[in-house]
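> from the sequence below, what's the structure:
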Amino acid sequence: MKQYEITEVPEITMENFANLFNVYKRNNNDLSYSINKGMYFNNVDNLAPNTFSMYRCKEKDSWSTISYQFYDTIELWWLICKVNQITDPVENAPTPGTKIKLINKDLAYGLIQQLRSNI
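Alright, predicted model coming up:
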């Protein structure tokens, strides 16, 4: 099911790109994203150095706070996870000290425009 189909989360809009990914209920009724499907980033390790920044995760970071810090919105958490091959962002929260790649803001918004035109 998609996030907007879950009645416990009624405020989610159809435009939210998180809706590209399936959400599953676990045995304890927690919700979990599966962001494996929908889009792929090939050769992330071979990106030109000027297309991304490296970030070292801090103690209180979440995917949403990192997204807000770099992209001025909390809604691009999924992009960070996809680029860093995080398949379950709930189970795999940012670990302090871990280095992650962040696609530069201009390139990220260019990718989003491409996604919007393909939906």
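> checking my notes, Leu111 in a strand, right?
No. Leu111: not assigned to a strand; according to DSSP: H, G, I helix; E, B strand; the rest coil it is helix.
> what sits against it?
Leu111 makes contact with 79, 103 under the criterion Cβ atoms under 8 Å, 6 or more residues apart in numbering. Any C-beta I mention is one placed from the backbone N, CA and C, and that applies to glycine too.
> likewise for Ile80?
63, 66-67, 70, 86, 100, 102.
> pull the most distant pair out of those residues.
Phe70 and Ile86 (15.4 Å; Cβ to Cβ).
> just to revisit the earlier point, of the contacts of Ile80, which belong to helices?
63, 66-67, 70 (DSSP state H).
> test my guess that Ile74 contacts Thr65.
Yes. Between Ile74 and Thr65 there is a contact at 7.4 Å, judged by Cβ atoms under 8 Å.
> wait, Arg56 sits on Thr98?
Yes. At 7.2 Å, Arg56 counts as touching Thr98 under the criterion of Cβ under 8 Å.
> about what we covered before: any idea which of the contacts of Ile80 is least confident?
By pLDDT, Ile86 ranks lowest within the contacts of Ile80, coming in at 87.
> counting neighbours, what do you get for the residue nearest to it when sequence neighbours are not counted?
Spatial nearest neighbour of Ile86, excluding adjacent residues (Cβ to Cβ, 6 or more residues apart in numbering): Asn92 at 5.0 Å. Asn92 is flanked by 13 other residues according to other Cβ atoms under 10 Å.
> can you pull out the helices in this protein?
63-71, 77-83, 105-118.
> who's in contact with the first one?
Looking back up the chat, that one is helix 63-71. 53, 55, 57, 73-81, 86, 89, 93-94, 100, 102, 105, 108.
> where in this protein is pLDDT low?
1-24, 26, 31-47, 114-119 (pLDDT under 70).
> okay, strands next: where are they in it?
22-25, 31-34, 52-56, 99-103 (DSSP state E).
> quick check, nearest of the contacts of Ile80 to Asn29?
The nearest member of the contacts of Ile80 to Asn29, counting by Cβ to Cβ, is Trp63 at 21.2 Å.
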